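Asks: predicted model and sequence follow; I will ask about them next.
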Amino acid sequence: VDDGMGCAEDSVVEADMAKFDGICCTLFNNPQAVQREKDACGKREVFIGYVIDLDTGMVSVSEKNLLRALWHFACCDLEGRVSVKEMQRLASLGSRYSMICVELRPFTRALYRAASGWKNRQATFLLKEEAKQAIRMWRAMLFLLSSAEVVFGRNLETFRENPVISWIVEFDSSLEGSGGLLYRIDQDGVEVCLGGFAVALSSFGFANDSSYQNTAEYIGVILGLVALVKIGVRGVDVELRGDSITALTWAETGRPRGSLVTNASMVFTLLCVALGLTVRRSTHISGEKNWRCDILSRTDEPLRETLDKIGRGDSPVIDIPGDERAMRLFALCNPSLCTEGEERFRVFWKEIRELLASMNDQGK
C-alpha cells in the first residue's frame, strides 16, 4: 500500500485488509482469476507479498518484501535529517506489515504522526524520540520475523472474525494500584474464577496526578496478562473486561496514545508476541459492576483477605508481587524510566526479552 501524501493510518490498514480479503474471496470463488503462470499448489506459497504456510499454520511476509522493509527501516538515519517522503514510506510499510505484526500498530501511529502536516514531500526534519523508538521497534521485530517466522508471524486462526474465547481478564486500576480477576468459560458456558491479583503502583509515584490514570489502567491490562502467564496460560485469545474504555480500546486495537504509555506499550507488544497472547475482544462494564476489581486495585490488606471480602474466597491467590521476574517486567512499564537513545533502548529490549523467556520456561 502506497499512501501517497500520507493518509491516516487507520484507513490504510483497513484498505489493506479489505484488499487482502477481497483477493482471497475472488480466488476462492473464481479460480480463473489468476493467470496460469501465477498459479501454484503447495503447502507453502507466496501470495501477493505474503507467505502462507499450511504446515505451521502461519502467515508471514515474503522474503523479498521483508528484506525490502528491513532495508528501509535500517537505512533511516535516526540522528540525521529525514525527508517527509522517507517517513511516509516507513509509515506505509508499517501499516502494511502491521497486518502480520499486529502488536506493532501503536508504533505505526508514531510514524504517521512524524510524517503528517507537511506539504513538501522533499522537506527534511529531525526525528522526535517517539519516532525513533518506533523505528527501533520495527527494526527489531522485522529481524525477529525473518529469523523465527513460526514465533513472530501471525497464526491463520487469528483471521477468524468471531473466535471462541474462553479466557477473560477482568481488571481495574486506581492511582494507588491495579487488581483483577481471571476467568475461564467451561464446557457448559459457565465462568469459573481462576484467581485474583493485586499490585501496588506506589513505586511509580503517580500520587494524585489524574493524568496518569489511563497509564495505570493500561498497566492493569499488562498485569492481567502476566497473571495468565503465571497460571500457565499461553497461546490463547483473551477477552478484557473493565470500566476503562480508553484502556480497553488501546489494548484491543493496539493503538495506545501518548508518551506516558510508551514503555508499557513496548512491554505489552513483546509480552503478547513472545507468549502468544492475543487480546481479541473487550467488554466495557460499568464501575458499579466492576466493584470487585476496584476494591482489589485499592487494597492494602493481604490478598487472601480481600478475595474473601469480595466473595471470591474460594479462588486462588495469584501472587505477582512475590514473583521477582514479574515485578521486574512490571517496573519496566514505568513512564519515568528513560529508554531514549540506541544503547538504552537495546538494554530495555534485551531485559524484556530475557524476562519473558525466563517466565515462559518457568511455566512449561
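Replies: Sure, I can see it.
Asks: how many residues are close by Ala326?
Replies: Other residues near Ala326 number 23, with proximity taken as other Cβ atoms under 10 Å. Every C-beta, even on glycine, is put in place using the N, C-alpha and C of the backbone.
Asks: element containing it?
Replies: Take DSSP states H and E as the rule and Ala326 turns out to sit in helix 324-331.
Asks: in PDB, list the C-alpha atoms belonging to that helix.
Replies: What follows is helix 324-331 as a C-alpha-only set of coordinates in PDB (Å, rounded to 0.1, in the frame of the first residue of the first chain):
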ATOM      1  CA  GLU A 324      10.800 -11.200  41.100                       C
ATOM      2  CA  ARG A 325      10.700 -11.600  37.300                       C
ATOM      3  CA  ALA A 326       7.100 -10.500  37.000                       C
ATOM      4  CA  MET A 327       7.900  -7.400  39.200                       C
ATOM      5  CA  ARG A 328      10.900  -6.500  37.100                       C
ATOM      6  CA  LEU A 329       8.800  -6.700  34.000                       C
ATOM      7  CA  PHE A 330       6.200  -4.500  35.800                       C
ATOM      8  CA  ALA A 331       8.900  -2.000  36.700                       C
END
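Asks: now do stretch 190-200: everything it contacts.
Replies: The set of residues external to stretch 190-200 that reach it, using Cβ atoms under 8 Å, 6 or more residues apart in numbering, is 168, 176-186, 223-224, 227, 231, 296-297, 299-300, 303, 306-307, 310, 312, 314-321, 330.
Asks: for the stretch 51-200 of the chain, what spans make up the strands?
Replies: With DSSP state E, counting those that start in this stretch as the criterion, the stretch 51-200 of the chain has strands at 58-61, 81-83, 124-126, 154-155, 167-173, 177-185, 191-200.
Asks: deepest-packed of the ones you listed, please.
Replies: Between those, the one whose residues have the most neighbours on average, counting mean count of other Cβ atoms under 10 Å, is strand 167-173 (a mean of 26).
Asks: for that strand, name the packing helices and strands.
Replies: Contact analysis of strand 167-173 by 3 or more Cβ pairs under 8 Å, 6 or more residues apart in numbering; DSSP states H and E lists strand 177-185, helix 213-230, strand 237-242, helix 291-298 as its packing neighbours.
Asks: what sits up against the third one?
Replies: Here strand 237-242 makes contact (Cβ under 8 Å, 6+ apart) with 158, 163, 165, 167-172, 217, 220-221, 224-225, 228, 247-248, 251-252, 277-285, 290, 293.
Asks: how big is the angle separating the helix or strand just after it from strand 167-173?
Replies: Along the chain past strand 237-242, the next helix or strand (assigned with DSSP H and E) turns out to be helix 245-253. Here helix 245-253 runs at an angle of 150 degrees relative to strand 167-173 (axes from the mean of the first three to the mean of the last three Cα atoms, to 10 degrees).
Asks: quick one: the very next helix or strand once past helix 245-253 to chain centroid distance?
Replies: Once the chain leaves helix 245-253, the next helix or strand it forms, by DSSP H and E, is helix 262-275. Mean-position distance between helix 262-275 and its chain equals 6 Å (Cα atoms, centre = their mean, to the nearest Å).
Asks: what is helix 262-275 packed up against?
Replies: The elements that helix 262-275 packs onto, with contact taken as 3+ Cβ pairs under 8 Å, 6+ apart, are helix 105-115, helix 129-147, helix 149-152, helix 213-230, helix 342-363.
Asks: let me know the next secondary structure element after the lowest-mean-pLDDT helix or strand in the chain.
Replies: Comparing every helix and strand of the chain by mean pLDDT, DSSP states H and E singles out helix 9-29 as the least confident one, with a mean of 54. Taking DSSP H and E as the definition, the helix or strand that follows helix 9-29 towards the C-terminus is strand 44-47.
Asks: that older thread, may I see the ChimeraX selection of the buried members of the contacts of strand 237-242?
Replies: One line in ChimeraX is enough to select the buried members of these, burial here meaning 16 or more other Cβ atoms under 10 Å:
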select :167,168,169,170,171,172,217,220,221,224,225,228,247,248,251,252,277,278,279,280,281,282,290,293
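Asks: rewinding a little: quick one, which of the helices and strands packed on strand 167-173 is nearest to Ser202?
Replies: For the helices and strands packed on strand 167-173, the distance to Ser202 is smallest for strand 177-185, at 7.5 Å, taking Cβ to Cβ.
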